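Student: quick one: sequence and predicted model below, then my questions.
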Amino acid sequence: MTARKEVPTVAQSTETDWVSRFADEVIAEAERRAPGKPVVVASGLSPSGPIHLGNLREVMTPHLVADEIRRRGHECVHILSWDDYDRYRKVPAGIDPSWSEHIGKPLTSVPAPPGSPYPNWAEHFKAPMAEALREMGIEFHPISQTEMYTSGAYREQILHAMRHRREIDAVLDRYRTKDKPGAKKPKQQQKPVDEAELAAAEGSGAAAEDDGSAGAAGYYPYKPYCSVCERDMTTVTSYDDETTELSYACACGHGETVRLSEHNRGKLVWKVDWPMRWAYEGVVFEPSGVDHSSPGSSYVVGGQIVREVFGGEQPIGPMYAFVGISGMAKMSSSKGGVPTPADALEIMEAPLLRWLYARRRPNQSFKIAFDQEIQRTYDEWDALERKIAEGVAQPADAAAYSRATRTATGELPSTPRPLPYRTLASVVDITTGHDEQTLRILSELDPDNPVKSLEETRPRLDKAERWITTQVPADQRTRVRDEPDTERLAALGDTERESLRLLLDGLDDHWSLDGLTTLVYGVPKIQAGLSPEAKPTPELKVAQRSFFALLYTLLVGRDTGPRLPTLLLAVGADRVRKLLAA
């Protein structure tokens, strides 16, 4: 196994390395707010459905900053709040419509989807995300909001919010402009690419932009869950600050009076809940999606409520942009079939997925490739590794690589012999995952340094195989001919016949990946009276494309396919001769 070259764990220039820049700010701010105490950064996820790759940015951004802080020797806690006490809002695609009877219940009170081994809806969607985070080397301190609310942990904060409900209402009222005559439409600080991106924000931490708008009985920032139907279709009808007696009526017909100093079946509305938790946890850094950046949003309003009501301070909070999927529609966790981190980790190694988030500033959108672009992504990654090994990488690129491949606690697992992803994908495509055939081909790629065991190429080999079998449509899979295309061979022109002869004559002397690359590009050069090392001309490129199309047609029955040197190795010299012999 070749060890990765050591690179600086901190970038030389914080101007180009966003993680170092935020770490500087957070360390200074934490020292000002709570000197000597652990630095607290936070993420929040709502397990209302599949937690997708857009939501991962909610965790990766503070993780990278927290990890940088730990590398510098500071104690840092990364809180991950599971918003599992949020209401169940809608039945996602693919789930029996009968689940609509649970709308309005806490996510932890909703049965898990059919066939799930988990006790409830929230746990069903939390588990794969938590496992993916562990695989990516992300350390976090999980907090279940169901446990916090039902245990009474927030009791004093709830009573405090109720005592100060008029002040909260006054803050919220500054932004309740949409129903006021002549009100201007709030300006978005970052224009989304399209409407689907706004839909993608669902599940990004807030289940709803609820502020508990005032009803006939006044404004109350607390929403009880009904003790009979368990839903939050409730309206607070009265509250007494002295006795803490709260009366509510539910849409199901039930009504009752409870003592809020003892009641644990309800929660603060989101726009009050979030700033309450900032103060309660002492959060110094927490990012949020661009959907929270407009005037009147939960982040903007929360900044005032945390100061004016809870006596705390708003975290440093960069807005992060959306993450898309190459070749697919924008992600929305309210719809079925959106790719999750677990899905991504099936087809790519954890360091690569970390790198995609580390190399882009939070406010930069980017896409994660599930289509053919994944091969180009891996090519970029391998090229960066070579620059790191040669010591010629830019400081910011070296820092992003370091953050991708290791954390403050150690290096992430890697593939001992990282062969090109596109090569591995082509090989497993052609061999349909047959281990013996795969090893034969891989051992012939570089005869001077042959692969001796498939274990050397794992887990990258397994990721490439999974990509081929799950993401490449059947009509794009490679199927090598069983018998020669006699009709096409019979119709060959003299130039085509000569090109095949030159190729077959050179097979034995060029039977390696590099050798076959030289050979297939060199045949048209030789036919043009040039040396195999000649620079390509426009005319030569046309001839090469025609030659390649001929080989693809005779080998796999279409005019494109995997890279020809890889394809030839995979097919094997004897079978190549059988299929190309004119």
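Tutor: Great, that's in hand. Source: prediction; values computed, not measured.
Student: before we move on, what's the pLDDT of the closest residue to A161 other than its chain neighbours?
Tutor: Setting aside the residues directly before and after it, A161 is nearest to P221 in space (Cβ to Cβ, 6 or more residues apart in numbering), at 4.9 Å. Bear in mind the C-beta positions are built from the backbone N, C-alpha and C, glycine included. Looking at P221, its pLDDT reads 97.
Student: so what's P221 up against?
Tutor: 161-162, 165, 168, 212, 268-269, 272 (Cβ atoms under 8 Å, 6 or more residues apart in numbering).
Student: show me which of those residues are buried.
Tutor: 161-162, 165, 168, 212, 268-269, 272 (16 or more other Cβ atoms under 10 Å).
Student: where does pLDDT dip in the stretch 151-300 of the chain?
Tutor: Residues of the stretch 151-300 of the chain meeting the criterion pLDDT under 70: 177-210, 213-214, 291-293.
Student: quick revisit: in a markdown table: the buried ones among the contacts of P221, plus distance to E68 and secondary structure.
Tutor: Shown next, in a markdown table, are the buried ones among the contacts of P221 (distance: Cβ to Cβ, whole Å; DSSP: H, G, I helix; E, B strand; the rest coil):
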| residue | distance to E68 | secondary structure |
| --- | --- | --- |
| A161 | 35 | helix |
| M162 | 40 | helix |
| R165 | 40 | helix |
| I168 | 36 | helix |
| G212 | 38 | coil |
| L268 | 32 | strand |
| V269 | 34 | coil |
| V272 | 32 | helix |
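Student: all strands for the stretch 301-450 of the chain, in order.
Tutor: For the stretch 301-450 of the chain, applying DSSP state E, counting those that start in this stretch gives strands covering 319-320, 323-326, 366-369, 406-407, 410-411.
Student: and those strands, which one's lowest on average pLDDT?
Tutor: strand 323-326 (a mean of 89).
Student: can you give the contact residues for that strand?
Tutor: Contacts of strand 323-326 (Cβ under 8 Å, 6+ apart): 53-54, 56-57, 330-331, 339, 365-371, 373-374.
Student: from those residues, which has minimum pLDDT?
Tutor: K330 (41).
Student: what about T243, how many neighbours?
Tutor: By other Cβ atoms under 10 Å, 11 other residues sit near T243.
Student: oh, I was asking about P459
Tutor: 16.
Student: now the one 5 residues further on
Tutor: Residue neighbour count, defined by other Cβ under 10 Å, stands at 27 for A464.
Student: same check, this time on P287
Tutor: Neighbours around P287, by other Cβ under 10 Å: 27.
Student: okay if I get the strands of the stretch 301-450 of the chain as a markdown table plus mean neighbour count?
Tutor: Below are the strands of the stretch 301-450 of the chain laid out as a markdown table (neighbours: other Cβ atoms under 10 Å):
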| stretch | mean neighbour count |
| --- | --- |
| strand 319-320 | 21 |
| strand 323-326 | 20 |
| strand 366-369 | 20 |
| strand 406-407 | 22 |
| strand 410-411 | 10 |
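Student: quick check on the residue nearest to A161: phi, psi?
Tutor: With angles defined as degrees, to the nearest 10, P221 sits at phi -80, psi 10.
Student: now S43, what's its secondary structure?
Tutor: strand (DSSP: H, G, I helix; E, B strand; the rest coil).
Student: tell me what it is bridged to.
Tutor: L80 (DSSP bridges).
Student: list the contacts of it.
Tutor: 58-59, 61-63, 78-81, 140, 205, 286-287.
Student: ok, and the most crowded of those?
Tutor: For the contacts of S43, counting by other Cβ under 10 Å, the largest number of neighbours falls to P62: 30 neighbours.
Student: tell me the pLDDT at that one?
Tutor: 98.
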